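1. Fold the following, please.
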Amino acid sequence: MNQRADALTVALTGQLPFVIVIAAILALIVSFFLLHLYRRRVIQSMRRRSTSELLETKGYLPPDPGHKPNDAPLSFNFVDRIVTGSRSDAEKLFHSARRRRWATAWVHTLAAVCFAATMTAAFLSAGKMDFSPFRFAFLTWSNFWPALMAIELIVGPSRRSRVFGLLGYFAAGAAIAAVMLVKIPGLPIGQLLYLWLDHNAVPTVLLLIFLNRRIRALGPLVLVFMIIGVAGATLTAGFVARNPHLLKAVGEFSHAIGLGATGAIIALHAIGFAAFAIVGWLVLDLLRQLYERKRISEQSINVDAMWLLFGIVNSIGLVFEGYRWIASGFVAFAIYKLAAAGLFGLFGVSRRARRNGRRLLLLRVFALGRRSEQLYDTLGKSWRNVGSIQMIAGPDLATTTIEPHEFLDFVSGKLDRRFIDNGRTLDLRIDQMDLAPDREGQFRVTEFFCHDDTWKITLARLAEDSDAVLMDLRGFSQANAGCVFEIHEIFNVVPLARAVFAIDDSTNQAFMRQTMAQAWHQVKDRSPNRRIDAGNVALVQIADTGGGAMQDLLYALCAAATTGATGQPPLPQGNKPRDF
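-> Numbering: from 1, shown residues only. Model (predicted):
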């Protein structure tokens, strides 16, 4: 019995770290490869024309024969961050978007304390150590480290907030360590440092790789699949090696078919990987179902994968005290999930979010690439607490916004069915939009996959039904014919008060003003903008995707989403709009 327990302990402490490391390497390679294929597949399908008869692509509004030019004046105003204490609808929405982001972070922080305390209790119990308040506090502080990474994912704090958070965390640890060094004479300070590194170094490195913005949407899912597959390969080979009769039979069969010893070992690992890959696929399909039923979100997938990884890695070292301690990480993760679910329910996060439910249409210059990713990531952390985002899929955000069900459709060769090729498909996609918040109070992003001749009609339908429209015109120039069409369509079907345009120094502002002036002059008679005496174009200057510029943009969107059909978004008092 002791020999079996020792063998299991060795397997858990030796094979499990090996499985994690190999799975991480394979998952990293496969993630980049799949994302490359996915992006290429999306681009190919976007350029393809549909096979149906759609297609009136001249805009949602039918052409008006001989309509009179619009002679109302048009002005351009920059929206600055609010500085007043007034309680307008725009300001309430603005503060809700920012406050709820931090409320979610606090829920995860409190749940993280439960996780850290559970892992500390397991560490002390497994080692049969005496309870000491400061020892418990130090170990809990060490196990709390992943909370800072969770807050980074949820909030995306500014560089200044990030620095203060790190300083505060390590200052608290240094204070606890100082008291321990005084109360326990002879305690080496290096031992305390080793404990922190032993708990956090390896999983932190892995997560810094897989939570990178470039592969974050896909990395955790592929990592789960690879861990199951590599574990299957290792267990299969180990099982055969520990059974002499089975090992002999495998050796004779491999020799008969011309495989050497090396070939037999490779074949065993391949068979084990393939067998367990079926289990991995079922797990991914389960995650897809949970996602579609709103039991989990893409944010919770990333955060949960992080806590589970830390729990598994930190429980490996406890196995030397008994193989049953490998379950401590899973228990800590379960307690974390229960605490988070209870706190979200107690605070009524989802119920409060449901009161808003604003719809934002995000348009952009596809050539922006990484700049689009940064704006989407930063803005989404705030806006998605008060409303959903709709967008037309493009190559710039194809690998950033991929969702679990889209990934599985792509891998199984069913991505084409998500593309809009006729009016009925468009109606179906719009009816299927998920506009309700999940349990954590976060709304979702809906991508519309369009062919080359279906994106215009899709744009018109989405623009008309949105509460606010954001068009990112950074990098805009005469070469962006699609954006010129989008500007004309916005002026035709969207009350101008609900539209916000983001620009920077790369925007050809003279051409932009000329395009908008022409669109305003040619606005159709049935456009809602025909019913206002003057038009104001809300502009936001974005020097970077952090700090005040993003607050300006968020406020402008909140103002646009809360304005009436004919009114203008309230510009903040105390900040005089600058004439363009």
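
2. got a list of what Tyr291 touches?
-> Going by Cβ atoms under 8 Å, 6 or more residues apart in numbering, Tyr291 touches Ser297, Glu298, Ile301, Glu403, Pro404, His405. For glycine as for every other residue, the C-beta is placed from the backbone atoms N, C-alpha and C.

3. next structured bit after the helix or strand hosting it?
-> Taking DSSP states H and E as the criterion, Tyr291 maps to helix 261-292. Next along the chain after helix 261-292, taking DSSP H and E as the criterion, comes helix 298-316.

4. What is that next one packed up against?
-> For helix 298-316, the packing partners by 3 or more Cβ pairs under 8 Å, 6 or more residues apart in numbering; DSSP states H and E come out as helix 2-47, helix 89-126, helix 146-155, helix 189-210, helix 219-241, helix 261-292, helix 328-347.

5. roughly how far is that helix from the heart of the chain?
-> Distance of helix 298-316 from the chain centroid (Cα atoms, centre = their mean, to the nearest Å) equals 16 Å.

6. tell me the angle of it relative to helix 89-126?
-> Going by axes from the mean of the first three to the mean of the last three Cα atoms, to 10 degrees, helix 298-316 is angled at 20 degrees with respect to helix 89-126.

7. picking up where we left off before, okay, the helices and strands packed on helix 298-316 in JSON lines with distance to Arg531 and mean pLDDT next?
-> Below are these laid out as JSON lines (distance: least, Cβ to Cβ, whole Å; pLDDT from 0 to 100):
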{"stretch": "helix 2-47", "distance to Arg531": "36", "mean pLDDT": "70"}
{"stretch": "helix 89-126", "distance to Arg531": "21", "mean pLDDT": "90"}
{"stretch": "helix 146-155", "distance to Arg531": "41", "mean pLDDT": "88"}
{"stretch": "helix 189-210", "distance to Arg531": "51", "mean pLDDT": "84"}
{"stretch": "helix 219-241", "distance to Arg531": "48", "mean pLDDT": "77"}
{"stretch": "helix 261-292", "distance to Arg531": "41", "mean pLDDT": "81"}
{"stretch": "helix 328-347", "distance to Arg531": "42", "mean pLDDT": "91"}
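
8. Next, the angle from the helix holding Tyr291 to helix 298-316.
-> 130 degrees.

9. Just want the angle from helix 261-292 to helix 219-241.
-> Going by the same axes, to 10 degrees, helix 261-292 is angled at 140 degrees with respect to helix 219-241.

10. Tell me which of the helices and strands packed on helix 298-316 sits nearest to Ala549.
-> Proximity to Ala549, assessed across the helices and strands packed on helix 298-316 by Cβ to Cβ, is greatest for helix 89-126 (14.6 Å).

11. From Asp467, how far off is His488?
-> From His488 across to Asp467, the span is 21 Å (Cβ to Cβ, to the nearest Å).

12. Kindly report the same for Asp80.
-> In terms of Cβ to Cβ, Asp80 sits 22 Å off from Asp467.

13. again with Ile312
-> 43 Å.

14. domain ranges for this structure?
-> 2-32+105-347, 74-97+357-562 (automatic domain parsing).

15. Out of those, which one sits most buried?
-> For the domains of the chain, the largest average neighbour count (mean count of other Cβ atoms under 10 Å) is found in domain 74-97+357-562, namely a mean of 20.

16. end to end, how far does that domain reach?
-> End-to-end span of domain 74-97+357-562 (Cα to Cα, to the nearest Å): 21 Å.

17. Any chance you could give me stretch 277-293 in CSV, C-alpha atoms only?
-> Coordinates of each C-alpha in stretch 277-293 appear next as CSV, following Å, rounded to 0.1, in the frame of the first residue of the first chain:
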residue,chain,number,x,y,z
ALA,A,277,-8.4,14.7,-27.1
ILE,A,278,-11.9,13.4,-27.5
VAL,A,279,-12.4,14.2,-23.8
GLY,A,280,-10.8,17.6,-24.4
TRP,A,281,-13.2,18.3,-27.2
LEU,A,282,-16.2,17.4,-25.1
VAL,A,283,-14.9,19.7,-22.4
LEU,A,284,-14.6,22.6,-24.9
ASP,A,285,-18.1,21.8,-26.1
LEU,A,286,-19.3,22.0,-22.5
LEU,A,287,-17.7,25.4,-22.2
ARG,A,288,-19.4,26.5,-25.4
GLN,A,289,-22.8,25.4,-24.0
LEU,A,290,-22.2,27.1,-20.7
TYR,A,291,-21.1,30.3,-22.5
GLU,A,292,-24.2,30.2,-24.7
ARG,A,293,-26.4,29.7,-21.7
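
18. Might you calculate how far it sits from the centre of the chain?
-> On Cα atoms, centre = their mean, the centre of stretch 277-293 falls 18 Å from the chain's centre.

19. do the same with stretch 417-434
-> 23 Å.

20. doesn't Leu208 make contact with Leu309?
-> No: when contacts are counted by Cβ atoms under 8 Å, Leu309 is not listed as touching Leu208 (11.9 Å).

21. how about the nearest residue to Ser315, chain neighbours excluded?
-> For Ser315, ignoring the flanking residues on the chain, the nearest one in space by Cβ to Cβ, 6 or more residues apart in numbering is Gly329 at 3.6 Å.

22. So the one you found sits against Phe115, correct?
-> No: Gly329 lies out of contact with Phe115 (Cβ under 8 Å); the separation is 9.5 Å.

23. if I look at these two, which residues touch both of them?
-> Listed as contacting both Gly329 and Phe115 by Cβ under 8 Å, 6+ apart are Gly311.

24. Give me the below-cutoff pLDDT ranges for the stretch 301-450 of the chain.
-> Scanning the stretch 301-450 of the chain for pLDDT under 70 picks out the ranges 319, 323, 366-369, 396-399.

25. can you pull out the helices in it?
-> Assigned by DSSP state H, counting those that start in this stretch, the stretch 301-450 of the chain shows helices spanning 328-347, 349-354, 370-383, 404-411, 423-431.
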